[in-house]
Each structure stands twice: as C-alpha cells, then as structure tokens.
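> Structure for this input, please:
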Amino acid sequence: MQKITARDITKAMTQVLCKGGTRMNEINTVEILDKAFLKALGVDYEYILEAVKEKKEKDKQKHFSLFPNNLMDEVFSERQAYSSDQCMGCIFALQALDQREKEIILRYYCMGQTQKQIGEQMGITSSRVSQIRLKTLKKLRHPYRAKFMRFGFEKYREIEKQEAIIEFGVNLLLSGKITAQEAKKVFGIDTERIKIDDLDISKRTYYALRAEGIYTVGRLISYNKKQLKEISGIGEKNIEEIISAISRIGLEVKDE
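Down below sits the predicted model:
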C-alpha cells in the first residue's frame, strides 16, 4: 500500500490548478489557498502559490473547485464558495477521521484518483472504497464537525467562547449570585435563553408547563398568576413553587 506524501499532495493540487475548471465564485483563488491550511496538509505553500499566480495571470476570469472545496460541496450537498477560514474548519474536521478514512478522502478529493485506483493501491475493492467514502462523508456531516466547515474554524471558536461565557453567566444567575438584570447587563443573557429545565421546580410543575408550550423563563414570566391557574395541572402550590424559583433569579410573576 502506497503512502501519501506531502510532495504527492503538492503535485496533485498543482495539476488541479493548472487544469482549471468552470466554477465561478466571488472568492479570489489565491485567497482560498490559505497558508495555514496548506501547512496543516504539509504541502509546499510557496510552490502552490506560484502555480496559482501563474494560472491567474493567464485567465483572470476563471476560478477552480479545489480541495477541500470539492469535499465540502459533497458534505453539504451543494456547490458554493468557501472562505479560507472554512477550509481551515474542514481540515480540522478531518482530524476526527481514522487513517484509512483520511487516506481515501485525500486520494479521492485532493489527488483526483478514482475509487478503482484507490482500491488497487490500498488493496481493497472499489465498492469497499465507496462504502468507506460515503460513511466518512456522513461522519463529516455530524453537527459538531459540520459547524467548523459551515461557520469557519476561527469564527466557530469565537462562537464557542461566547457560548461558554453565557453558560457561566447562566450558572451564576441560577445559583443566586447575580440577578437577571445583572446577567443581562454583564453577560447579555436574555430570559429567553434560560430554560425551565434549570429551575428548581417539581416534575409535575415542569411537565405541566411544557404541555402548555412553556420552555423558557422568558415565556414563563409572560404569564400572570391568573393565567398560570388556567393551565392544566397547575394549582396554588405549583404557582407558589414557580414564584419561589423565579424569585431566586431576581424575577417575579405578575398578579395580573
């Protein structure tokens, strides 16, 4: 079984560049070939960049469906333009694959080999290559990995960071260390972000509220005491329980 080297990938990507393609998008071809993601693959960035510039001068109107763009097209089942940050996200997502899955993906999408050629070089049948490839695409469609490709590596890292800050703020709020007003001012947490799952209420009260379509604290405090009484399964004791739980985070249920 032949091993893929950085030189093989460099050569394959250069051939793809020089061959050209018909895809049109708004992203500059040179910008797509971000140095960081090429380094992650271990390819010769300068060599590829020179090939891109040379081809760009010959035909400034053409853009090309390069790896990992073609891979992401199949992951999302649509053709679109991708930023270099999204390409980085794709490379990051590939780290979750095992060695054989990575090799098949690189041979098929980066080096342009057919499934038959891949099978011959890896010592397996072409149908088995197809099975592994399709299974790998399914793995890359997992919500966690797909987010890195959809939003971009750095952008999604920033989203994760913001979500962690919000989660910290919610925990402070639920523990009574800050009020709802302070949570909104400091962490930008709206009551619609707080689920009733986090309130200290009984299962009976919880399921009665969910049956009414109340899933967040924001929705809950939009009901007054009279409206809560009209909910099936909610009595005086349940309302007292709700008022107590809501008051712990600095909120209240209106009388009317």
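
> Low-confidence regions, the chain specifically.
1-65, 160, 163, 186-188, 192, 256 (pLDDT under 70).

> Look up how far R219 lies from the most centrally placed residue in it.
Nearest to the geometric centre of the chain sits K147, at 0.9 Å (C-alpha atoms, centre = their mean). In this view, K147 and R219 are 27 Å apart by C-beta to C-beta, to the nearest Å. For glycine as for every other residue, the C-beta is placed from the backbone atoms N, C-alpha and C.

> and if you look at L173?
For L173 relative to R219 (C-beta to C-beta), the value is 17 Å.

> who has more neighbours, those two?
Set L173 next to R219 and count neighbours by other C-beta atoms under 10 Å: L173 wins out with 27 against 16.

> Surely the more buried one and Q181 touch.
No - using C-beta atoms under 8 Å, L173 makes no contact with Q181, being 10.1 Å away.

> Follow the chain on from the helix or strand containing G218 and name the next helix or strand.
For G218, the host element (DSSP states H and E) is helix 217-220. As assigned by DSSP H and E, the chain's next helix or strand after helix 217-220 is helix 225-229.

> The next helix or strand after that next one - contacts with which helices or strands?
On the C-terminal side of helix 225-229, the closest following helix or strand by DSSP H and E is helix 236-247. Contacts defined by 3 or more C-beta pairs under 8 Å, 6 or more residues apart in numbering; DSSP states H and E place helix 236-247 against helix 203-211, helix 217-220, helix 225-229.

> Next, the buried residues of helix 236-247.
N238, I239, E241, I242, A245, I246 (16 or more other C-beta atoms under 10 Å).

> mind listing what the closest residue to the second one other than its chain neighbours touches?
Spatial nearest neighbour of I239, excluding adjacent residues (C-beta to C-beta, 6 or more residues apart in numbering): L228 at 5.3 Å. When contacts are counted by C-beta atoms under 8 Å, 6 or more residues apart in numbering, L228 is found next to I234, N238, I239, I242, V253.

> ok, the residues you listed vs D197, which is closest?
Nearest to D197 among the contacts of L228: I242, at 14.0 Å, using C-beta to C-beta.
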